[in-house]
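S.K.: any chance you can model this:
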Amino acid sequence: MTQVPVLEIGGTHVTAALVDTATGLPVDGSVVRGPVPADAAAEEIIDSFAGTARRIAAPEGAHWGVAVPGPFDYASGVGKFRGIGKFEALHGVDVGAGLRERLNRPSAVSFLNDADAFALGEHHGPAGTRWNRAVYVTLGTGVGSSFLCDGHPVTEGTAVPPEGRAHHITLDGRPLEEVISRRAIRSRYARAAGIPEPDEGPDVSTIADLARREDPHAAAALGECFTALGRALAPWCAAFRADATVVGGSMARSWDLIGPALREGLGLGARGVGREAAGIVSRMSLHTARRPGDAPLIGAAYWALRKAPEEGTARLALSSAGHSGSLASHPGSSAGHPGSPAGHPGRDSRREAPS
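M.R.: Just a heads-up that it's a prediction; the model follows:
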């Protein structure tokens, strides 16, 4: 049995695990979680990553896969966090070097975007539905996305937002995360409920509970935000000719509330583009992730194996658990590095929906 050590880094926590290439799943009992001091100094932040990583039985010389949110230079392992309210101390810091110094003599550390890790894990993992073209959306502190074609992230071209990232989309002239994010939902609820400051009000999970108890302000806040998300995504789903949109992240636990609003918004947004777009979106499957907790870990393992040619046998074993083709296939894919734009020279960092 070959095991791939992985990390999934979030804004408040980090998860470490060993992924078994024979089953394509995290090894039972190997998944550990630790806090991340996102506002701390660089050394303390990297110490938190490595401290959690050292709690799993990763062998010496292992190739690690690490899923991390952007902005980040995934090829070099250097943080690019500036003005986003988290990991500011990691801006310009070689996180890869910091991890290599702290882990058990790793052979390599390969980084990928956390939304790409989620998408790759859902696509290639056990029981994954392998759509030809699918949009994967993560809903947590903000909105993450990955546009997969034949199991590979697409990061350039007119059919996807810049870098394939939903947070670059604007809606009605506003950045998407001003319309739909943890902060946006809390702000909308606070305004409706007469709460002076959003931080004084409930968090999203509590707002969802209130909506289920027929609190009109909570129901309206969630409905308006997720209808807006659907409107923003619809033109891109149509341009990409997506067969499916798959939703994960912590907010997806409230699918009973957000699913109908998201579907309504997708319909509204697609009809605003035209008949062909409306037809594509109406035929598109919309559902939550099948393995929401495991998918980013599985995707990080997939990426580490794909970046390690000497581990071809292990790649095939993991592939057979969840995909009909080899993980070593598409060697010349033009889809780009997960998280790294393959193009867009001189392009604006935000883009209105295609029409």
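
S.K.: tell me the secondary structure for residue 15?
M.R.: Of the three states, residue 15 takes strand under DSSP: H, G, I helix; E, B strand; the rest coil.

S.K.: would you confirm that it contacts residue 26?
M.R.: No. Between residue 15 and residue 26 there is no contact under CB atoms under 8 Å: 9.4 Å. Glycine gets a C-beta too; all of them are placed from N, C-alpha and C.

S.K.: these two: which is more packed in?
M.R.: Using other CB atoms under 10 Å as the criterion, residue 15 and residue 26 rank with residue 26 on top: 24 against 21.

S.K.: is the more buried one bridged to anything, and to what?
M.R.: Beta-bridge partners of residue 26, counted by DSSP bridges, are residue 19.

S.K.: got the contact list for it?
M.R.: 17, 18, 19, 20, 294, 297, 298 (CB atoms under 8 Å, 6 or more residues apart in numbering).

S.K.: next up, the contacts around the fourth one.
M.R.: Meaning residue 20. Contacts of residue 20 (CB under 8 Å, 6+ apart): 1, 2, 3, 26, 27.

S.K.: buried among those? Make that a PyMOL selection.
M.R.: For the buried members of the contacts of residue 20, the matching PyMOL selection, counting by 16 or more other CB atoms under 10 Å, is:
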select buried, resi 2+3+26+27
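
S.K.: what touches both of residue 15 and residue 26?
M.R.: Common neighbours of residue 15 and residue 26, counting by CB under 8 Å, 6+ apart, are residue 297.

S.K.: what is the nearest of the contacts of residue 20 to residue 283?
M.R.: residue 26 (34.0 Å; CB to CB).

S.K.: okay, the contacts of residue 26 in TSV with distance to residue 9 and pLDDT next?
M.R.: Shown next, in TSV, are the contacts of residue 26 (distance: CB to CB, whole Å; pLDDT from 0 to 100):
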residue	distance to residue 9	pLDDT
17	13	98
18	17	97
19	16	96
20	21	95
294	16	92
297	12	97
298	16	96
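
S.K.: does residue 202 touch residue 210 like I think?
M.R.: Yes. In this structure, residue 202 is within contact of residue 210 by CB under 8 Å, at 6.9 Å.

S.K.: one step back: neighbour-wise, which of the contacts of residue 26 leads?
M.R.: Compared across those, residue 298 has the highest neighbour count, 31 neighbours, by other CB under 10 Å.

S.K.: element containing it, please.
M.R.: In this assignment (DSSP states H and E), residue 298 forms part of helix 295-306.

S.K.: what packs against that helix?
M.R.: strand 3-9, strand 13-20, strand 25-26, strand 63-68, strand 108-113, helix 114-124, helix 312-322 (3 or more CB pairs under 8 Å, 6 or more residues apart in numbering; DSSP states H and E).

S.K.: one more time with 7 Å, if that's ok
M.R.: Judged by 3 or more CB pairs under 7 Å, 6 or more residues apart in numbering; DSSP states H and E, helix 295-306 is in contact with strand 3-9, strand 13-20, strand 63-68, strand 108-113, helix 114-124, helix 312-322.

S.K.: what is the neighbour count of residue 214?
M.R.: Neighbours around residue 214, by other CB under 10 Å: 8.

S.K.: give me the pLDDT for it.
M.R.: Note on residue 214: pLDDT of 95.

S.K.: am I right that it sits in a strand?
M.R.: No. Read with three-state DSSP, residue 214 is coil and lies in no strand.

S.K.: hang on, the earlier thing: buried deepest among the helices and strands packed on helix 295-306, which one?
M.R.: Mean neighbour counts were compared across the helices and strands packed on helix 295-306 using mean count of other CB atoms under 10 Å; the top stretch is helix 114-124, at a mean of 31.

S.K.: list the strands paired with whichever helix or strand comes after that helix, with their directions.
M.R.: Per DSSP H and E, helix 114-124 leads on to strand 133-139 as the next helix or strand towards the C-terminus. Next to strand 133-139 in the sheet, as set by DSSP bridges, lie strand 143-149 (antiparallel), strand 244-248 (parallel).

S.K.: okay, the ones you listed in CSV with mean neighbour count, distance to residue 57 and mean pLDDT next?
M.R.: Formatted as CSV, those follow (neighbours: other CB atoms under 10 Å; distance: least, CB to CB, whole Å; pLDDT from 0 to 100):
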stretch, mean neighbour count, distance to residue 57, mean pLDDT
strand 143-149, 26, 30, 96
strand 244-248, 24, 27, 96
